[in-house]
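Colleague: Here you go, sequence then predicted model.
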Amino acid sequence: MDDRDLVLRAQEGDGEAYGRLVELHQPRIYATLAKMTHDRDLALDLTQEAFIRAWEELDGFQRRSAFSTWLYRIAVRLAYDALRRERQRGESGSTDRLADPAPRPDDRVAAGDETALLRQRIQELPEMQRAVVTLRTWNDLSYREIAAILGTTEGSARVSFHHAITRLRGSYESEANTR
Amino acid sequence: MSTAERHWTDEEIVRWVDERNSPEGIRVTEHLGRCEACRARIAAVEALFAALGTEPPSTTDAEMAAQRNRILQAVRSRPRVPDRRLSRRLVWLPAIAAAIAALLLWAPRWTRSPETAPSADAPAGGSAPLAVVVDATRAAEEVVADIRLPDVEVSTLEEWSDSAELERKFAELPSEDREAILTELTSADFNPRDP
């Protein structure tokens, strides 16, 4: 049974069919959220929230796009909200786990951790660029799919990606050269 | 330096690694075979892509299974939200039909080209009330089909076949709704006189 059949059955109230949809899409949704937030626990929380919200709004899904596209859209919006909250907490000096994930990126950069350096640079990207980078480089989605998820055009998604890569590349190389 | 000999721009480098494509195609690719500097820049971007594609923090199968259970428990206790978009459209349907009638009453005089041949079952110009009602019903059906309202019966539309009633309903709408409807209808690609 494919996504379409499962969605139809779930829309009729079949919890088992929805359970199967969760099973099929949970790993990719979690991984996408983990890549976007760089926070394992937060990504798990958001994954759960995404599937519950998708269930609540399932009647509004009209099957014009793939179920996965619609689900990614919900997940990415949740990630945006979480990242915004994280930034606001950071600005207000809060010390909870979102604002202060340990160890801090700069500490790891000092220890020569290039992955941490890159992660830090990604966290500095605007939300849209961060989402596009994740969906393109890790999920390997086409620009058409990314545009559908983010509610933008293919051209805009492509431009966002190129800007993000140029920005990451510039900061990544210049920092690496100074070490 | 010819186009084939110039160094790649940053955008071309990223595009090449991302899509194995470049705006200038083979001429730029020829340059790559001869230019060590551009090859090094490509290698740096490829390394960046590889770093971006690394696996995220992993979870265990047990954690994922436990999460599925929590999701399904939550789902059982939560009702689904009715499709508000559908309800909203249903509310608008009389207004849409009314707007179509209004358009058919007035718009033909403004927009219909003189060379358009009138159909056999309706008088030219769209001014006769009966033709207006027929056109409005047909056009409303098309709008309904276009916005995908499968639950709406054609008989429902026929209940609105009184053009005066349609006009009255349309006139009662808030001005911003009337404008929104007219914008939607005038952007819709339909000709109510086509079969």
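Modeller: It's in. Small disclaimer: the values here were computed from a predicted structure and weren't measured.

Colleague: contacts and neighbour counts: CA atoms only from here.
Modeller: Fine.

Colleague: measure stretch A:117-131 end to end?
Modeller: 18 Å (C-alpha to C-alpha, to the nearest Å).

Colleague: show me the contacts for residue B:14.
Modeller: By C-alpha atoms under 8 Å, 6 or more residues apart in numbering or on different chains, the residues touching residue B:14 are A:162, A:165-166, B:42, B:45.

Colleague: Of those residues, just say which sits nearest to residue A:124.
Modeller: residue A:165 (12.5 Å; C-alpha to C-alpha).

Colleague: if you skip the residues just before and after it, what's nearest to the closest one?
Modeller: residue B:14 (7.3 Å; C-alpha to C-alpha, 6 or more residues apart in numbering or on different chains).

Colleague: In stretch A:132-140, which residues are buried?
Modeller: Within stretch A:132-140, the residues scored as buried using 16 or more other C-alpha atoms under 10 Å in any protein chain shown are A:132-139.

Colleague: Looking at chain B, which residue is nearest chain A?
Modeller: In chain B, the residue that lies nearest chain A is residue B:80 (4.1 Å; C-alpha to the nearest C-alpha).

Colleague: What are the neighbouring residues in contact with that residue?
Modeller: Counting by C-alpha under 8 Å, 6+ apart, residue B:80 has contacts A:55-59.

Colleague: same deal with residue A:170?
Modeller: So residue A:170 contacts nothing (C-alpha under 8 Å, 6+ apart).

Colleague: what's the spacing between it and residue B:20?
Modeller: Residue A:170 is 21 Å from residue B:20, by C-alpha to C-alpha.

Colleague: What is the neighbour count of residue B:19?
Modeller: 8 (other C-alpha atoms under 10 Å in any protein chain shown).

Colleague: Just checking, which helix or strand of chain B averages the lowest pLDDT?
Modeller: helix B:154-158 (a mean of 46; mean pLDDT, DSSP states H and E).

Colleague: likewise chain A?
Modeller: Scanning chain A with mean pLDDT, DSSP H and E, the lowest is helix A:105-110, at a mean of 43.

Colleague: immediately after it, which helix or strand?
Modeller: The helix or strand immediately downstream of helix A:105-110 is helix A:114-123, counting by DSSP states H and E.

Colleague: so where's chain B uncertain?
Modeller: Across chain B, the ranges flagged by pLDDT under 70 are B:1-5, B:21-28, B:81-170, B:176-195.

Colleague: Return the residues of chain B in contact with chain A.
Modeller: Contacts of chain B with chain A, taken as C-alpha under 8 Å from any C-alpha of the partner chain, map to B:10-11, B:14-15, B:45, B:48-49, B:51-58, B:64, B:67-68, B:70-72, B:74-76, B:78-86.

Colleague: Pull out the buried residues from these.
Modeller: Buried, going by 16+ other C-alpha under 10 Å: B:10, B:14-15, B:45, B:48-49, B:51-53, B:56, B:64, B:67-68, B:71-72, B:74-75, B:80, B:86, out of the residues of chain B next to chain A.

Colleague: hmm, who's touching the helix or strand harbouring residue A:145?
Modeller: If you go by DSSP H and E, residue A:145 is part of helix A:143-150. The contact list for helix A:143-150 (C-alpha under 8 Å, 6+ apart) reads A:69-70, A:72-73, A:76, A:128, A:132, A:135-136, A:153-158.

Colleague: If we use 6 Å, what do you get?
Modeller: A:69, A:73, A:153-154, A:157 (C-alpha atoms under 6 Å, 6 or more residues apart in numbering or on different chains).

Colleague: so which of those residues is the most crowded?
Modeller: residue A:157 (26 neighbours).

Colleague: Just the pLDDT for that residue.
Modeller: pLDDT recorded at residue A:157 is 94.

Colleague: From chain B, how far out is it?
Modeller: 13 Å (C-alpha to the nearest C-alpha, to the nearest Å).

Colleague: Same question for residue A:122.
Modeller: Distance from residue A:122 to chain B, by C-alpha to the nearest C-alpha: 9 Å.

Colleague: Please name the nearest non-neighbouring residue to that residue.
Modeller: residue A:130 (6.5 Å).

Colleague: cool, and residue A:137?
Modeller: residue B:53 (5.4 Å).

Colleague: Would you list the phi and psi of the one you found?
Modeller: Main-chain dihedrals, residue B:53, degrees, to the nearest 10: phi -90, psi 10.

Colleague: pretty sure it contacts residue A:138?
Modeller: Yes. Under the criterion of C-alpha atoms under 6 Å, residue B:53 makes contact with residue A:138 at 4.8 Å.

Colleague: Now the strand or helix carrying residue A:53: buried residues?
Modeller: For residue A:53, the host element (DSSP H and E) is helix A:40-56. By neighbour count on 16+ other C-alpha under 10 Å, the buried set for helix A:40-56 is A:40, A:42-44, A:46-56.

Colleague: tell me which parts of chain A are close to chain B?
Modeller: A:31, A:34-35, A:40, A:56-57, A:59-60, A:137-138 (C-alpha under 6 Å from any C-alpha of the partner chain).

Colleague: Would you convert those residues into TSV that also reports pLDDT?
Modeller: Shown next, in TSV, are the residues of chain A next to chain B (pLDDT from 0 to 100):
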residue	pLDDT
A:31	93
A:34	93
A:35	90
A:40	92
A:56	91
A:57	91
A:59	88
A:60	87
A:137	89
A:138	86
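
Colleague: Grab the two from the residues you listed that are most spread out in space.
Modeller: A:59 and A:137 (31.6 Å).

Colleague: Sweet, I'm off.
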